[in-house]
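Visitor: coords please:
(one chain, ligands or ions: 2)
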Amino acid sequence: MDATARDVPMKTRIHIEQMDCPTEEGMIRRKLGRMSGVGALQFNLVQRILTVEHDEHRLPEVLAAIRSLGFEPQLELPRRRRHAQPATAGGGGGHDHAHGEEHGHGHWPAAAAGDRQGAGDHGHSHSQAQAQGHGSGHECCSGHEHAGSSGHAHRNASGQDAHTHADMGTATSSCCGSTPEAGGEDTATPLHLPFLAARLYAFLTATPLRRLGNAAILAILSEACHWFAYPEWLTAMLAVGAVLLCGLSTYRKGWISIRTGTLNINALMSIAVTGGLLIGQWPEASMVMVLFTLSEMIEARSLDRARHAIEGLMRLAPDTATAQQSDGSWQSVPAGEVAVGTLVRVRPGERIALDGQVEQGASTVDQAPITGESLPVEKAAGDPVFAGTINQSGSFDFRVTAEAGDSTLARIIEAVEAAQGQKAPTQRFVDRFAAVYTPIVLVLAIGVALVPPSFFNGDWFGWIYKALTLLVIACPCALVISTPVTVVSGLTAAARQGILVKGGVHLEEGRHLKWLALDKTGTITHGKPVLTEMAVFLNTQVHRLAASLAARSDHPVSQAIVEAFRAGRQAGAWDPPAEAGLSGQSVSSSPSVAFSPFAPSGQKMMNRSAQPAAHAAHATGPARSAAAGQKHGAASASPAAPSASPVPLFSVDAFEALAGRGVQGRIDGVHYVLGNHRLIHERGQCSHELEARLLELERQGRTVVVLASEQVVMALFAVADTVKESSRAAMAELHQLGVRTLMLTGDNQHTADAIAREVGIDEAQGNLLPEDKLAVVDGLVRRAQPVHEAGEVSRVGMVGDGINDTPALARADIGFAMGAMGTDSALETADVALMDDDLRKIPAFVRLSQATHRILVQNIAFALGVKAVFMALTLAGYGTMWMAVFADVGASLLVVANGLRMLRR
Ligand SMILES: Nc1ncnc2c1ncn2[C@@H]1O[C@H](COP(=O)(O)OP(=O)(O)OP(=O)(O)O)[C@@H](O)[C@H]1O
Ligand SMILES: [Zn+2]
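Guide: Numbering: from 1, shown residues only. Ligands and ions are numbered 1, 2, ... in the order given. A predicted model of the protein is given here:
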């Protein structure tokens, strides 16, 4: 990139309607690649969007360069301004340009007029396009053809879209304004012959479809003339008329491509058709042009479907929301105009328009559009709700937490679009293949035309005809388009199931998954443990001491201890004498929870069953506050919510979290620790008796922490986390798919083993610090390496909640982050983000990957097979030009349709 300019580097997304073939990509790449002040180029042929990194003031030059190739660049309206984001690990590719202004896809309704100015030269580009259009009627009208055809298709699919594309339509048709248009023919007309001819032409070509239809009629008439042996000049005229009617834009694009030294299908077709006319194959040449144009049109339509699948996701969020106004009234306003902090009302059955937090009321919400999980989720005050999800029978008010363009849904769509921009490996292979295939066939064609007649006394006419047919076969379009359509469809299908794949690469690699490392807490288990046993060795207020320390941490184990203390207090089961001077923080108690009574006397072990009610009551509590960015962050303020009957906790000084071990702090001048076996052992406070007790509990799958002062071990607390039902099913499915599973946890080995056995995990490793988890994943990846060299690919995945497992997730070949719906970081750092925390999404992902691969292989084999068959037929003298076109059209359509099948998954 040119460093001389003090210009701000920026990214601009440019829509180029005519760009859907890698040869067009090649042309643009060659042209822009040489320009100074222009950086990375990213092509999305399915969306037909080119993302250019360039210095700010270079935009007009970039647009001019694209125009010089005969394309009509349209600046995409910015969907939203991205806040500067730290570069993300992995996947990100070209997207982490920190201060680049990203011009998003313009279809987002939030892209208000004010934002437009961010697009810099928007107006400029249009006026230029118009100026150019007026220069030549043909060029201008062929521009109209594009705008018209896509505008039509878009309108079918979505209202919002129609808006943007209607814009495009008006821009171009106003350019055609000087030519009479269908429907606008009421001006007084002098009866000059050229003028009449122009009128006739305009009428015949008013819409692309009419133009093609008329061309087809002429071509058929020409065929008929030939058949009935009418004079040749009539046949010829009809054929030439047909070619002129539908083939001008093909000729124009072909000419540009030849001029710039590339060969695209337009060039090949132009040569073939012209050659056909020159050797007097009138009807056939015109038929080829008609069929080719038809195929282009149908292909564009089918591609539209793939493209719109993603916009379909976007339409999940309604355009309007019922927002509270400053005077307290409720009014329906465009969702894009609702500011963060506004109160929005949701009626029964309504779709939610924005992300927010429930303030009052309660309901169940179907979150399937985002998570793929159709079981409705209960929502009450404090719970997050998401744009695009569907409220069921209740109603509630929520406070908006993100603008429309910043919602989780918007981010998902953005991620899917970004993923499309990255080429999957197969796509790269196909592109490389196409780059050599076309020239080779071309050389072959020239050879066929020249060699047999020159040296082997062949018949010139016959061999030139064969050569022209080969030219038709030479275009790799069916082959090339099959891959992106399939991958994009796969990515979209995944997104619909709540699986956000951040690039075609991961979708292709998923089927190679051989090892999956899993975090335990919150990934396999619910991550909301409850206190089940407590052993008191010293008859003091151990639970209160422990809870006081624990209240400062949001580690799930600590939370369980605090929770039980609150609950016990409420039930009046355990009522230590309040000590003056020790009260500081307070903890509220939850009225809905009952606690079995116990007396803290002597060395007594208490057992109580885990109470699910305890979960529910505190489900919205601060445990694992994901947004804090650090799962087990200590030192956050007391997480207790202010409420009715405060129970005094001791105030804690010098509080500290000990990573992977527990917490410590001073209470009333005495230093205490609350932590796991490792911590007590390291402090030399372990005993045989303690170890025996720990072992007993750990074998039952309990996590045990010990409370100790400097001198003495005072109590132990055992908590039990429950395994998600879905985890068990997920492991079974994974094993069926040949994936081996390995649990990684900071918890002790016995607990790890017990839980692994319960869920059916192959292996478990306990006592791991976060860096150890990274080392284990690293070891797995390395172990897979020699296998790769032996030719077999095996990939290592790691799944965690994406908050404290980030290094290990990044090291894995495929990093899966769970519960991504509420957390931005997980959405951004993982290779694959699972919107909820259901592990069954991983086998689902592997199966999608397998299906994608299957379809890719089918498509490539089919496209190449058709080419091979026709090449053989042609050389053997059985192939005709129009058969070759027909086969090419058919092949393109079939591979696109096959790729689109992925959408139905
Ligand atoms: N703040 C804390 N309060 C209580 N116990 C703690 C705390 N921090 C760590 N521990 C103890 O240390 C162990 C290891 O903690 P660590 O945070 O490394 O793993 P984890 O997150 O609980 O488990 P996983 O790796 O499965 O997510 C815990 O099981 C717990 O016994
Ligand atoms: Zn020990």
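Visitor: Next, residue 378: secondary structure please.
Guide: Secondary structure, DSSP: H, G, I helix; E, B strand; the rest coil: residue 378 is strand.
Visitor: Contacts only, for the closest residue to it other than its chain neighbours.
Guide: Nearest non-adjacent residue to residue 378, counting by C-beta to C-beta, 6 or more residues apart in numbering: residue 364, 5.4 Å away. Any C-beta I mention is one placed from the backbone N, CA and C, and that applies to glycine too. Residue 364 makes contact with 376, 377, 378, 379, 392, 393, 394 under the criterion C-beta atoms under 8 Å, 6 or more residues apart in numbering.
Visitor: Most neighbours out of those, which is it?
Guide: Most neighbours among the contacts of residue 364, by other C-beta atoms under 10 Å: residue 379, with 25 neighbours.
Visitor: Residue 756 and ligand 1, how far apart?
Guide: Between residue 756 and ligand 1 the distance, using C-beta to the nearest ligand atom, to the nearest Å, works out to 11 Å.
Visitor: what does the stretch 651-800 of the chain put close to ligand 2?
Guide: Residues of the stretch 651-800 of the chain lying close to ligand 2 by C-beta under 5 Å from the ion are 681, 686, 691.
Visitor: okay, now residue 9: neighbour count?
Guide: Neighbours of residue 9 (other C-beta under 10 Å): 21.
Visitor: Which among the residues of the stretch 651-800 of the chain next to ligand 2 count as buried?
Guide: residue 686 (16 or more other C-beta atoms under 10 Å).
Visitor: Export the residues of the stretch 651-800 of the chain next to ligand 2 to CSV and append columns for pLDDT.
Guide: Below are these laid out as CSV (pLDDT from 0 to 100):
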residue, pLDDT
681, 93
686, 92
691, 93
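Visitor: Turn the residues of the stretch 651-800 of the chain next to ligand 2 into TSV, columns for secondary structure.
Guide: Formatted as TSV, these follow (three-state DSSP):
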residue	secondary structure
681	helix
686	coil
691	helix
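Visitor: Out of the residues of the stretch 651-800 of the chain next to ligand 2, which is nearest to residue 326?
Guide: residue 681 (61.8 Å; C-beta to C-beta).
Visitor: Could you list which residues are in contact with that closest one?
Guide: With contacts defined as C-beta under 8 Å, 6+ apart, residue 681 is in contact with no residue.
Visitor: cool, residue 221 as well?
Guide: By C-beta under 8 Å, 6+ apart, the residues touching residue 221 are residue 238.
Visitor: Identify each buried residue in the longest helix along the chain, please.
Guide: When the chain is parsed with DSSP state H, its longest helix is helix 841-875. If you call a residue buried by 16+ other C-beta under 10 Å, then helix 841-875 has these buried ones: 841-846, 848-849, 851-853, 855-856, 858-860, 862-864, 866-867, 870-871, 873-874.
Visitor: again with stretch 447-467
Guide: 448, 449, 452, 453, 458, 463, 464, 465, 466, 467.
Visitor: With pLDDT added, can I get the contacts of residue 364 in CSV?
Guide: Output for the contacts of residue 364, formatted as CSV (pLDDT from 0 to 100):
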residue, pLDDT
376, 89
377, 90
378, 93
379, 93
392, 91
393, 88
394, 90
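Visitor: Tell me the one of those residues nearest residue 25?
Guide: Closest to residue 25 out of the contacts of residue 364 is residue 377 (43.4 Å), distances taken as C-beta to C-beta.
Visitor: and the closest one, bridged to which residues?
Guide: residue 365 (DSSP bridges).
Visitor: What parts of this structure come near ligand 2?
Guide: 681, 686, 691.
Visitor: As a markdown table, those with distance to ligand 1 would be great.
Guide: A markdown table is the format used below for these (distance: C-beta to the nearest ligand atom, whole Å):
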| residue | distance to ligand 1 |
| --- | --- |
| 681 | 12 |
| 686 | 15 |
| 691 | 15 |
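Visitor: which one of these is nearest residue 663?
Guide: residue 681 (16.5 Å).
Visitor: Could you check how far the closest one is from residue 673?
Guide: Remark: distance between residue 681 and residue 673 (C-beta to C-beta, to the nearest Å) = 12 Å.
Visitor: now do residue 883
Guide: 83 Å.
Visitor: neighbour count winner among the two?
Guide: residue 673 (23 against 17).
Visitor: Sticking with that one, tell me its helix or strand.
Guide: Assigned by DSSP states H and E, residue 673 belongs to strand 670-675.
Visitor: contacting residues around that strand?
Guide: The contact list for strand 670-675, computed with C-beta under 8 Å, 6+ apart, reads 545-546, 549-550, 558, 561, 654, 658, 661-666, 679-680, 683, 705-710.
Visitor: what's the closest non-adjacent residue to residue 31?
Guide: residue 65 (5.2 Å).
Visitor: Quick check: phi and psi at that neighbour.
Guide: Note on residue 65: backbone dihedrals following degrees, to the nearest 10 are phi -60, psi -40.
Visitor: roughly how far apart are it and ligand 2?
Guide: Here residue 65 is placed at a distance of 71 Å from ligand 2 (C-beta to the ion, to the nearest Å).
Visitor: Could I get the buried residue list for the strand holding residue 673?
Guide: 672, 673, 674, 675.
Visitor: domain assignment for the protein?
Guide: 10-75, 208-312, 320-406, 426-488+852-904, 498-526+723-847, 527-571+650-722 (the TED database).
Visitor: How far does the shortest one sit from its chain's centre?
Guide: On the basis of C-alpha atoms, centre = their mean, to the nearest Å, the separation between the geometric centre of domain 10-75 and that of its chain is 23 Å.
Visitor: With stretch 236-252 instead?
Guide: 42 Å.
Visitor: swap in stretch 511-525?
Guide: 21 Å.
Visitor: Give me the most central residue, this protein.
Guide: Centrality entry for the chain: nearest residue to the mean C-alpha point is residue 416, 2.3 Å, by C-alpha atoms, centre = their mean.
Visitor: how about the residues of the chain near ligand 1?
Guide: The chain comes close to ligand 1 at residues 519-521, 553, 555, 557-558, 632, 657, 660-663, 674-676, 703, 705, 745-747, as judged by C-beta under 6 Å from any ligand atom.
Visitor: In helices, which of these appear?
Guide: 557, 558.
Visitor: For burial, what's the neighbour tally of whatever residue of the chain ends up closest to ligand 1?
Guide: In the chain, no residue comes nearer to ligand 1 than residue 746, which is 2.3 Å away by C-beta to the nearest ligand atom. Other residues near residue 746 number 24, with proximity taken as other C-beta under 10 Å.
Visitor: where in the stretch 601-750 of the chain is pLDDT low?
Guide: The model of the stretch 601-750 of the chain has pLDDT under 70 over residues 601-647.
Visitor: all helices of it, in order?
Guide: 612-618, 677-682, 688-699, 725-736, 749-759 (DSSP state H, counting those that start in this stretch).
Visitor: can you list contacts of the fourth one?
Guide: Spelled out, it's helix 725-736. 516, 523-525, 741, 758-762, 838-840, 842-843, 846.
Visitor: So what's the gap between it and the chain middle?
Guide: 25 Å.
Visitor: what angle do it and helix 749-759 make?
Guide: 80 degrees (axes from the mean of the first three to the mean of the last three C-alpha atoms, to 10 degrees).
Visitor: Provide the angle between the direction of helix 725-736 and the direction of helix 841-875.
Guide: Using the same axes, to 10 degrees: helix 725-736 against helix 841-875 is 40 degrees.
Visitor: Tell me the buried residues in helix 725-736?
Guide: Result for helix 725-736 [16+ other C-beta under 10 Å]: buried residues 726, 727, 728, 729, 730, 731, 733, 734.
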